[in-house]
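[1] With the sequence up front, the predicted model follows.
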Amino acid sequence: MFKKLLIANRGEIACRVATTAHRMGIKTVAVYSEADATARHVAMCDESVALHGATAADTYLNISRIIAAAKATGAEAIHPGYGFLSENELFAQACAQENIVFIGPPASAIRAMGSKSAAKTLMEKAGVPLVPGYHGENQEATFLHQQADRIGYPVLLKASAGGGGKGMRIVERSEDFTAALASCQREAKASFGDERVLIEKYLTRPRHIEIQVFADTLGNYVSLFERDCSVQRRHQKVLEEAPAPGMSVERREAMGKAAVEAARAVGYVGAGTVEFIANQDGSFYFMEMNTRLQVEHPVTEMVTGTDLVEWQCRVAFGERLPKLQHELMLHGHAIEARIYAENPEKGFLPSIGKLIHLRTPAAAEFIRDADVRIDAGVIEGDEITAHYDPMIAKLIVWGEDRSQALARMSAALAEFEVVGPSTNIAFLGRLIASQPFSTADLDTGLIERHYDELFPAAPTPSLPALCLAAVMLTLDERTTAADPWSQPTGWRMNSHLSRELSFSDASGEHVLMMNYEHDSLVFRSAHAECVITDRQRHGTQLSVNINRKKISAHVVRVGELFHVFYEGHHWQLLWRDPIAHAGEQESEAGRLTAPMPGKIVSLLVAAGIVVDKGTPLLIMEAMKMEHTISAPSKGSVAELMYAVGDQVAEGAQLLTFIHQESA
Ligand code: ADP
């Protein structure tokens with residue numbers, strides 16, 4: 001076996017490849033961009049080489065720098081992961097020229113499958129079924145229009161050189177064809193430098209079903225069965241599972257055979273995926289072949305008990321496939337969810353930011369025979385940047401059957417906590433539990449069609465969730481407090497033993513009364529009461545008794561925003577600090593009052609001076625935190641009631657403010 005392997009990638013896939021390499025006794029070399037100097041994949045590998053530069057073109061896409069790194073470190077083979085150079089025939093050739101083994105198919109197979117149109121022509125010859133359409137050389141607009149009319153609407157225009165859904169246009173009617181063609185060509189040219197298109201019949205309610213194939217250099221081909229990747233947003237996968245629900249033994253065999261034929265037709269070696277689009281009646285058509293390991297390969301590993309990276313290494317080394325077709329069997333059901341830094345509520349736009357808090361469910365990392373597996377390339381404190389794909393992790397679960405896998409996925413998602421960028425975790429939870437997904441009523445339009453169910457109105461936080469935020473707030477105040485009224489037992493001064501707290505979130509504003517009673521904190525909302533005892537905190541972990549029930553939860557405070565992870569929910573509760581907002585509340589009255597007891601630490605303006613709206617007027621200190629009281633509008637201070645150092649009681653008038661308009 002190889003002694004040393006260079007991994008020409010980053011993130012979770014680089015970590016995942018390194019894990020298998022280490023298990024096989026292969027030393028690993030990481031390469032990294034400037035942005036990734038402290039990344040997890042670098043730490044996981046035995047050696048690392050900096051690829052100077054920050055852009056992908058200078059680093060993970062730079063063939064000569066990567067080859068130089070392999071030569072400098074004596075790596076005998078390069079694993080390209082997915083994306084970046086994994087489907088670049090020039091890279092495969094460059095490796096061959098330098099006597100470095102490229103862990104992937106021969107350059108000729110990459111080329112043959114690189115163009116969707118050329119691949120279709122090849123597949124047609126090999127007898128693999130194709131979606132009715134046109135994928136020929138003639139790109140003349142009127143000719144293409146005639147072809148679309150012949151195929152019958154709706155049709156789908158695709159960029160021949162395409163990928164990632166770019167250039168794809170659905171055309172519903174003949175009269176829309178010309179404009180759609182021009183726009184598809186423009187996007188194809190801009191994205192791939194190649195404006196050629198192909199036309200397919202647009203299937204309604206199709207499923208995306210793909211077959212994992214493998215081949216060795218000795219002429220053995222196998223199918224490792226199918227994955228269903230129908231649940232997509234923006235033509236990109238969100239959930240993947242194996243086996244495909246409802247797949248009959250006969251159809252599995254037929255699809256496996258077609259996929260193996262496709263691989264054989266191009267002299268394939270290594271791991272590849274043949275993607276099909278399937279009708280609800282089960283008829284299926286070739287879409288394209290991906291000549292690399294796919295993001296979603298773990299579901300196949302789980303149901304076949306294989307390690308596909310190990311297979312890749314063995315095949316690249318010249319060994320026979322570890323298992324032949326008759327030795328491969330399906331066992332149980334696996335589902336993968338891609339945890340993305342993105343905002344589902346805002347059209348799934350990517351989100352960026354530091355992973356301030358990251359807690360994952362109990363899981364094995366990169367291990368094929370776990371019930372819950374996480375493949376992640378980041379740890380808490382890492383940054384999700386705009387440079388790379390915003391995937392945080394892949395969460396993969398296995399169950400004896402689909403319903404057990406669903407239950408495990410729901411439970412694992414409920415334990416996945418992220419503070420920092422927005423994520424799709426809550427959305428994934430709703431998707432897994434949704435009626436269409438849980439009953440396997442799958443097709444590529446599932447998310448759009450069930451939009452209302454998947455995006456319900458924001459739920460109202462329970463009183464315990466609000467209490468957890470409030471308790472964290474009081475504990476924060478205790479650790480920073482020295483004044484007698486802010487001691488842990490309550491606000492002694494002026495006999496303030498009761499306090500109103502207000503939090504807001506997407507569901508509205510939530511007001512609760514907090515009372516100190518003996519050793520307990522008692523919270524009351526309009527409908528419920530919670531008695532809290534035994535408050536304990538370790539960092540972000542809060543342990544309390546709520547109504548005599550012991551609970552533990554993470555509460556992460558970022559400024560005035562409290563992230564409460566409780567009962568599988570991520571509540572984001574914005575505390576309305578009454579002192580900070582005193583100006584706003586009192587602006588109409590012209591009296592600015594202290595809604596909480598505190599001390600005047602600074603007076604910033606003298607009476608009579610005209611100030612603009614928002615100008616800081618005075619600073620109060622409460623709970624050892626400073627709060628600025630600002631001008632509610634343009635105007636002037638008529639009178640200041642207190643001097644620096646004075647203690648003020650709740651509700652005391654601090655100053656009189658004259659609005660400019662009324663002055
Ligand atoms: P890309 O390579 O750009 O990702 P694909 O050809 O793999 O494009 O298609 C991506 C997705 O688009 C498919 O998974 C499917 O959801 C949808 N799609 C592709 N072809 C068709 C078709 N003929 N009819 C309906 N949907 C399709």
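    Good, I have the coordinates. Note that the structure is a prediction, hence the values are computed from the model and not measured. Residues are numbered from 1 along each chain as shown.

[2] For Glu529, which residues are in contact?
    Glu529 is in contact with 463, 522-523, counting by C-beta atoms under 8 Å, 6 or more residues apart in numbering. (C-beta placed from N, C-alpha, C; glycine too.)

[3] From these, which land in helices?
    The members of these that map onto helices under DSSP state H are Leu463.

[4] Can I get the buried part of the contacts of Glu529 as one PyMOL selection?
    In PyMOL, selecting the buried portion of the contacts of Glu529, with burial taken from 16 or more other C-beta atoms under 10 Å, looks like this:
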select buried, resi 463+522+523
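
[5] of the contacts of Glu529, closest to His570?
    Minimum separation from His570 among the contacts of Glu529 (C-beta to C-beta) is found for Leu463, which lies at 17.2 Å.

[6] for that closest one, what are its contacts?
    Residues touching Leu463, when contacts are defined by C-beta under 8 Å, 6+ apart, comprise 512, 523, 525, 527-530.

[7] Now which of those would you call buried?
    Buried members of these, scored by 16+ other C-beta under 10 Å, are 512, 523, 525, 530.

[8] So which of the residues you listed is the closest to His22?
    For the buried ones among the contacts of Leu463, the closest approach to His22 (C-beta to C-beta) belongs to Cys530, at 49.0 Å.

[9] Mind telling me what element the closest one is part of?
    Using DSSP states H and E, Cys530 maps to strand 529-538.

[10] Near the residue in the stretch 351-500 of the chain positioned nearest to the ligand, how many other residues are there?
    With distances taken as C-beta to the nearest ligand atom, the stretch 351-500 of the chain approaches the ligand most closely at Thr444, which sits 3.6 Å away. Burial of Thr444, expressed as a neighbour count using other C-beta atoms under 10 Å, amounts to 21.

[11] So it sits against Asp228, correct?
    No - under the criterion of C-beta atoms under 8 Å, Thr444 lies out of contact with Asp228, with a separation of 10.6 Å.

[12] Common neighbours of the two, please.
    With C-beta under 8 Å, 6+ apart, Thr444 and Asp228 have common neighbours 207-208.

[13] how about the nearest residue to the residue in the stretch 251-400 of the chain that the ligand sits nearest to, chain neighbours excluded?
    Among the residues of the stretch 251-400 of the chain, Met287 lies closest to the ligand, at 4.6 Å counting by C-beta to the nearest ligand atom. Nearest residue to Met287, sequence neighbours excluded (C-beta to C-beta, 6 or more residues apart in numbering): Glu275, at 4.4 Å.

[14] Am I right that the one you found falls within a strand?
    Yes - in this structure, Glu275 lies within a strand as judged by DSSP: H, G, I helix; E, B strand; the rest coil.

[15] what residue ranges in the protein score low on pLDDT?
    For the chain, residues meeting the criterion pLDDT under 70 lie at 479-496, 579-589, 595-597, 622-626, 650, 661-663.

[16] what's near enough to touch His235?
    If you count contacts by C-beta under 8 Å, 6+ apart, then His235 has 165, 168, 444 around it.

[17] okay, now the domains of this protein?
    Residue ranges of the domains in the chain are recorded as 4-103, 132-201, 463-575, 591-662, according to automatic domain parsing.

[18] just these: most buried one?
    When you average the neighbours per residue for each of the domains of the chain (mean count of other C-beta atoms under 10 Å), domain 4-103 leads with a mean of 20.

[19] Gly445 and Arg207 touch, don't they?
    No - the pair formed by Gly445 and Arg207 falls short of the contact definition of C-beta under 8 Å, at 10.4 Å.

[20] So for the two, which sits in the more crowded spot?
    The residue with more neighbours, out of Gly445 and Arg207, is Arg207; 24 against 14, by other C-beta under 10 Å.

[21] Quick one: residues contacting that one.
    By C-beta under 8 Å, 6+ apart, the contact list for Arg207 reads 228, 230, 244, 277-280, 442-444.

[22] ok, the residue of the stretch 551-663 of the chain found nearest the ligand to Val419 distance?
    Among all residues of the stretch 551-663 of the chain, His570 sits closest to the ligand, at 29.3 Å; criterion: C-beta to the nearest ligand atom. When distances are taken as C-beta to C-beta, to the nearest Å, His570 and Val419 turn out to be 8 Å apart.

[23] can you list residues touching both of the two?
    Residues touching both His570 and Val419 (C-beta under 8 Å, 6+ apart) are His563.

[24] mind listing what's buried in the helix or strand encompassing Gly256?
    In this structure, Gly256 sits in helix 249-265 according to DSSP H and E. Residues of helix 249-265 classed as buried by neighbour count (16+ other C-beta under 10 Å): 251-252, 255-256, 258-263, 265.

[25] again with stretch 349-362
    Applying a neighbour-count criterion of 16+ other C-beta under 10 Å, the buried positions in stretch 349-362 are 351, 355, 357-358, 360-361.

[26] Let me see the contact set for Ala469.
    Contacts of Ala469 by C-beta under 8 Å, 6+ apart are 503, 555, 562, 564, 571, 573, 575.

[27] ok so, going back, now the buried residues of stretch 349-362 as CSV including distance to Pro456?
    Shown next, in CSV, are the buried residues of stretch 349-362 (distance: C-beta to C-beta, whole Å):
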residue, distance to Pro456
Ser351, 21
Leu355, 27
His357, 25
Leu358, 26
Thr360, 26
Pro361, 24
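
[28] Reformat those into TSV and put secondary structure and distance to the ligand next to each item.
    Output for the buried residues of stretch 349-362, formatted as TSV (DSSP: H, G, I helix; E, B strand; the rest coil; distance: C-beta to the nearest ligand atom, whole Å):
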residue	secondary structure	distance to the ligand
Ser351	coil	22
Leu355	coil	28
His357	strand	33
Leu358	strand	29
Thr360	coil	28
Pro361	coil	28
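
[29] Backbone torsions only: list them for the residue most central in space within the chain.
    Using C-alpha atoms, centre = their mean, the residue of the chain that lies closest to the mean C-alpha position is Tyr340, 0.6 Å off. Recorded main-chain torsions at Tyr340 are phi -110, psi 150, according to degrees, to the nearest 10.

[30] Check Leu85 too.
    Taking degrees, to the nearest 10, you get phi -90, psi 10 for the backbone angles of Leu85.

[31] Same check on Cys95?
    Torsion angles, degrees, to the nearest 10, at Cys95: phi -60, psi -50.

[32] returning to that earlier point: tell me, which of the buried ones among the contacts of Leu463 make contact with the ligand?
    Among the buried ones among the contacts of Leu463, none lies close to the ligand by the criterion of C-beta under 6 Å from any ligand atom.
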